[in-house]
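[1] missing the sequence, but the structure's below:
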Ligand SMILES: [Ca+2]
Ligand SMILES: [Ca+2]
Ligand SMILES: [Ca+2]
Ligand SMILES: [Ca+2]
């Protein structure tokens, strides 16, 4: 049997994608509450964000020495009228990176202060992230109040992609978190407290359209938000547990898993256990492999192939058992078996 590994770039050309329309909740007539046009709201929000960034500075000098800095170390201070930015501090506007995106048909600018990139690896846009953070309202800050509406000084987990059964995060988090790296390591002290080695550390300044928009989570609508955060760790998510990590279920590679549905059924690929609808489950259209690593003999763990993914691992008496699956493209046409209804081999029954 020939085993060929899929080249994912080919998928862009070979697969049709089905556009699943986004939910618009603003088509009810007679509502007293009028939802703002996203593009018009963004114009106002951009003005507010720039007003904030040009009138506040942060303690940049603090982060030039030492390591393992915390989000609670970030101090942002309003610039008084006529004041110049003090030594060892930097005006936010000159420190942030402006980024752009299109979301729900509106064009957005948002701003990211990258204080530390992080020494570990980087999550995908569908992964689970473990963070410490605080979120506050920029609108309130411009009005002279500082109001943290949400925070966690202990590590908290968030799915960057909701499957409908779990809470998702605001769009800005899904955009920003994958551009940072997590910590490279951690330690646990005698009291069970974790300390993380050089996590990604930053602040995002975001318009309401990439936050809660017309929702009132923060206590008011159309709030521009600021999140300080440490990206501690992440886990690769496989929402439908079919062996394919969710980020690879983004067939057209547009960083959106809500527009990929190979078999055009009710279930998007990332929540579909039979992606091509050929009645052989995706997990059965992948090649299973079991590795046994005897650490008593000093054996090393295997290096996985490019399209091989760990499913489970267990350890008994120093012997690690790792089960993986590998994507196969039997006819080498660029469409792997699990996305190709013409191939129905069940590799778990061979
Ligand atoms: Ca997609
Ligand atoms: Ca489907
Ligand atoms: Ca799937
Ligand atoms: Ca198939």
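    It's in. Note that the structure is predicted; figures quoted are calculated from it, not measured. Residues are numbered from 1 along each chain as shown. Ligands and ions are numbered 1, 2, ... in the order given.
[2] correct me if wrong: residue 285 contacts residue 342.
    No. If you go by CB atoms under 8 Å, residue 285 and residue 342 don't touch, sitting 11.6 Å apart. For every residue, glycine as well, the C-beta is placed using N, CA and C.
[3] which bits of the stretch 101-250 of the chain sit near ligand 1?
    residue 250 (CB under 5 Å from the ion).
[4] closest point of the stretch 101-250 of the chain to ligand 1, which residue?
    residue 250 (4.2 Å; CB to the ion).
[5] what number of residues lie near the closest residue to that residue other than its chain neighbours?
    Nearest residue to residue 250, sequence neighbours excluded (CB to CB, 6 or more residues apart in numbering): residue 257, at 4.9 Å. By the criterion of other CB atoms under 10 Å, residue 257 has 23 neighbours.
[6] swap in residue 67?
    9.
[7] gap between it and residue 199?
    Distance of residue 67 to residue 199, given as CB to CB, to the nearest Å: 10 Å.
[8] my read: residue 234 touches residue 118, true?
    No. If you go by CB under 8 Å, residue 234 and residue 118 don't touch, sitting 10.3 Å apart.
[9] please identify which of those two sits among more neighbours.
    Looking at residue 234 and residue 118 with other CB under 10 Å, you find the greater number of neighbours at residue 234, namely 25 against 22.
[10] give the contact list for that one.
    121, 122, 123, 127, 128, 129, 130, 177, 182 (CB atoms under 8 Å, 6 or more residues apart in numbering).
[11] what's the neighbour count on residue 226?
    27.
[12] re the thing from before, tally of neighbours for the residue of the stretch 101-250 of the chain closest to ligand 1?
    Other residues lying near residue 250 total 22 when counted by other CB under 10 Å.
[13] same question for residue 149.
    16.
[14] what does this structure put close to ligand 3?
    240, 242, 269, 272, 275.
[15] of the residues you listed, which belong to strands?
    Judged by DSSP state E, the subset of the residues of the chain next to ligand 3 located in strands is empty.
[16] from these, which is closest to residue 291?
    residue 242 (20.7 Å; CB to CB).
[17] so how far is stretch 259-270 from its chain's centroid?
    21 Å (CA atoms, centre = their mean, to the nearest Å).
[18] for it, buried residues please.
    Buried positions in stretch 259-270, judged by neighbour count with 16 or more other CB atoms under 10 Å: 259, 260, 261, 262, 263, 268, 269, 270.
[19] farthest-apart pair in the residues you listed, please.
    Pairwise over those, using CB to CB, the maximum falls at 259 and 263, 14.2 Å.
[20] which strand or helix spans residue 50?
    helix 38-53 (DSSP states H and E).
[21] ok, then the element right after that helix?
    strand 56-58.
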